[in-house]
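1. Curious how this folds, go ahead:
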Amino acid sequence: MKYEMKIVSDREEIELAPKFNLTFRWTEKPGPETEGQAVFVENKGFLVQMKTYEKNPISLHNEPDGAVHLDSCMEFFANFNPQHDDRYINFEANSNGNLHCKIGNSRKDRKVIRNLVDIMPETKTDVHESFWTLELFIPLQIVSGLYGKSEFKSGDVIKGNFYRCGDALPDPHFGMWNPVETPKPDFHRPEYFGEIVLTR
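-> Numbering: from 1, shown residues only. As a prediction, the model looks like this:
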């Protein structure tokens with residue numbers, strides 16, 4: 001699949017960005033309806049907002065880079081320079097805003113982002129009666145430091161996927177924007193990333 005990521009000058013302009021929706025597989029019962037938007041804030045970084053219609057989310061893992069995928073969790077996996085690098089970053093946050101963030105080219109041997117750069121992604125969550133939201137901001141300094149790419153323009157392509165999960169919830173579920181065609185749940189499959197194309 002392809003998502004057009006708007007290049008904007010201000011974070012508030014994300015309201016004008018196209019929406020993406022997640023679909024669920026691997027379990028009989030689908031997960032909570034989940035949608036999102038994403039933009040590139042010029043010269044500043046990447047902004048992702050996601051919304052999931054889940055009541056009383058569970059978030060038990062609040063240690064740095066903890067197992068938030070076991071909780072009520074939304075995620076963004078991205079390779080910001082796929083033409084020259086096969087590594088991707090997994091940004092995973094539970095409803096408390098606790099972030100799990102590593103880089104590598106597969107599920108194994110991933111490196112913790114906080115040990116590689118001096119600045120961390122920003123997360124903000126808001127829990128409401130029937131839904132909760134995640135705002136994830138990835139400063140350009142992180143992308144530049146890890147990928148050596150600091151300039152992004154219209155037509156540039158990022159590879160990635162957006163996810164919703166809750167592996168240890170009473171009703172486990174696995175949602176994704178771009179289909180992952182594996183027999184069992186596995187989000188660490190960059191061959192199933194979709195194209196995220198920057199556009200004005």
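
2. The closest residue in space to residue 98 that isn't next to it in sequence: how many residues sit nearby?
-> Leaving aside its sequence neighbours, residue 98 sits nearest to residue 62 (C-beta to C-beta, 6 or more residues apart in numbering; 4.8 Å). For every residue, glycine as well, the C-beta is placed using N, CA and C. Using other C-beta atoms under 10 Å, residue 62 has 12 other residues around it.

3. for residue 62, what are its contacts?
-> Counting by C-beta atoms under 8 Å, 6 or more residues apart in numbering, residue 62 makes contact with 94, 96, 98.

4. Beta-bridge partners for the first one, please?
-> Beta-bridge pairing for residue 94 (DSSP bridges): residue 73.

5. What strand or helix carries the residue lying closest to residue 196 once chain neighbours are set aside?
-> Leaving aside its sequence neighbours, residue 196 sits nearest to residue 158 (C-beta to C-beta, 6+ apart; 4.2 Å). Using DSSP states H and E, residue 158 sits in strand 157-165.

6. closest to residue 184 among the contacts of residue 62?
-> Proximity of the contacts of residue 62 to residue 184 (C-beta to C-beta) peaks at residue 94, which lies at 22.2 Å.

7. quick one on the thing from earlier: dihedrals phi and psi, the residue nearest to residue 98?
-> phi -120, psi 10 (degrees, to the nearest 10).

8. How far off centre is the helix or strand encompassing residue 77?
-> Take DSSP H and E as the rule and residue 77 turns out to sit in strand 73-79. A distance of 2 Å separates the centroid of the chain from that of strand 73-79, by C-alpha atoms, centre = their mean, to the nearest Å.

9. mind checking how far the residue nearest to residue 98 is from residue 101?
-> Distance, residue 62 to residue 101, by C-beta to C-beta, to the nearest Å: 14 Å.

10. hang on, the earlier thing: any idea how far residue 118 is from the residue nearest to residue 98?
-> For residue 62, the distance to residue 118 equals 23 Å [C-beta to C-beta].

11. Could you report the neighbour count for the closest residue to residue 101 other than its chain neighbours?
-> Spatial nearest neighbour of residue 101, chain neighbours left out: residue 113 (4.3 Å); criterion: C-beta to C-beta, 6+ apart. Neighbour count of residue 113, defined by other C-beta under 10 Å: 23.

12. Repeat that for the one 4 residues further on.
-> Neighbouring residues of residue 117 were enumerated by other C-beta under 10 Å; the total is 17.

13. Might one say that it is in contact with residue 142?
-> Yes. If you go by C-beta atoms under 8 Å, residue 117 and residue 142 touch, sitting 5.3 Å apart.

14. Per-residue pLDDT of the residue located most distally from the centre of the chain, please?
-> Within the chain, residue 28 marks the point farthest from the mean C-alpha position, 24.2 Å out by C-alpha atoms, centre = their mean. pLDDT, residue 28: 91.

15. and it, which of the three is it?
-> coil (DSSP: H, G, I helix; E, B strand; the rest coil).
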